[in-house]
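Novice: from the sequence below, what's the structure:
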Amino acid sequence: MEQLLRNKYSAIIISGGPNSVYVDNSPLYDSAIFNGQLPVLGICYGFQLINKHFGGNVCLHARREDGRILIKIDPQSEIFNGLQADQNVLLTHGDGVTKDSIPPNGFRIIAMSGEFVAGIEQVEKRIFGLQFHPEVDLTENGTSILSNFLRRVCRLTCRYTFLNREHKCIELIRQTVGDKHVLVLCSGGVDSTVCAALCIKALGSEKVFGGGFF
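Specialist: As a prediction, the model looks like this:
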């Protein structure tokens, strides 16, 4: 947490993952991230971590929720500002949270998927948890939800563009690699292809070695 503050981060997002909060070797966290200094958004596994950390319970579903599902949200929540009550979102989870198992101390339900909780908030601490994935295209208003978190909850002015992001990545690659050469292992997927393209832009094709499409 000290490092986050030292580097002047303005918010924390705890991502999703395949783990269960009750498995011994599941990813852990620094509990200081919940001290109220920075806004926190937990997604899927991150939501379950938040719920358990603050005294709620997480249970195993009788069956998984996988796919695009219609849920009910509370448009009065800051993170859902401007949205309708019915939302199509992507859910991919086996563990879940029920109405009677959210934490006490100011937490409230802001979204439901059938009998299971799909979102909670603690306004005072600026902590939000979403069981669904706002970062994917199958969540129809995911971009608006993330924008609400950054702009309305975190009070950030968003100056992000693909161009300035590209410039920052290129500069970071040059600083990290220096005069060395780079081997890029390419699967042909989006992530490795973009990585290879950025390395070539930053270092020149003569310094980048990889799969068969160079």
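
Novice: which parts of the chain are helices?
Specialist: 2-6, 45-53, 142-148, 162-177, 190-203 (DSSP state H).

Novice: buried deepest among the ones you listed, which one?
Specialist: Comparing these by mean neighbour count (mean count of other C-beta atoms under 10 Å), helix 45-53 comes out on top with a mean of 24. Heads up, the C-betas are built off the backbone N, CA and C, glycines and all.

Novice: break this structure down into its structural domains.
Specialist: Split into domains by automatic domain parsing, the chain comes to 2-153, 163-209.

Novice: I'd like those as TSV, with mean pLDDT appended.
Specialist: Output for these, formatted as TSV (pLDDT from 0 to 100):
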stretch	mean pLDDT
domain 2-153	90
domain 163-209	92
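
Novice: comparing these, which comes out most buried?
Specialist: domain 2-153 (a mean of 17).

Novice: what's the span of it, first residue to last?
Specialist: Taking C-alpha to C-alpha, to the nearest Å as the measure, domain 2-153 stretches 21 Å from start to finish.

Novice: list the contacts for residue 5?
Specialist: Neighbouring residues of residue 5 by C-beta atoms under 8 Å, 6 or more residues apart in numbering: 37, 38.

Novice: tell me the contacts of residue 32?
Specialist: Counting by C-beta under 8 Å, 6+ apart, residue 32 touches 1, 2.

Novice: actually residue 180, sorry about that
Specialist: Applying C-beta under 8 Å, 6+ apart to residue 180 gives the contacts residue 207.

Novice: need the helices of the chain in TSV (columns: distance to residue 155).
Specialist: Converted to TSV, those look like this (distance: least, C-beta to C-beta, whole Å):
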stretch	distance to residue 155
helix 2-6	16
helix 45-53	21
helix 142-148	12
helix 162-177	21
helix 190-203	31
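
Novice: of all those, which lies closest to residue 156?
Specialist: With C-beta to C-beta, the closest approach to residue 156 among the helices of the chain belongs to helix 142-148: 9.8 Å.

Novice: so where do the strands sit in the protein?
Specialist: 12-14, 40-43, 59-73, 86-96, 108-113, 116-122, 127-130, 182-183, 208-209 (DSSP state E).

Novice: still on that earlier bit, right, and the helices of the chain - which one's nearest residue 127?
Specialist: Short answer: helix 45-53, nearest of the helices of the chain by C-beta to C-beta, at 6.3 Å.

Novice: what packs against that closest one?
Specialist: Secondary structure elements in contact with helix 45-53, counted by 3 or more C-beta pairs under 8 Å, 6 or more residues apart in numbering; DSSP states H and E, are strand 12-14, strand 40-43, strand 116-122, strand 127-130.

Novice: repeat that with 10 Å
Specialist: strand 12-14, strand 40-43, strand 86-96, strand 116-122, strand 127-130 (3 or more C-beta pairs under 10 Å, 6 or more residues apart in numbering; DSSP states H and E).

Novice: go through these and name the closest to residue 144.
Specialist: strand 86-96 (9.9 Å).

Novice: what angle separates that closest one from helix 45-53?
Specialist: Our comparison of strand 86-96 with helix 45-53, counting by axes from the mean of the first three to the mean of the last three C-alpha atoms, to 10 degrees, yields an angle of 60 degrees.

Novice: how far off centre is strand 86-96?
Specialist: Using C-alpha atoms, centre = their mean, to the nearest Å, the mean C-alpha position of strand 86-96 is found 14 Å from that of the whole chain.
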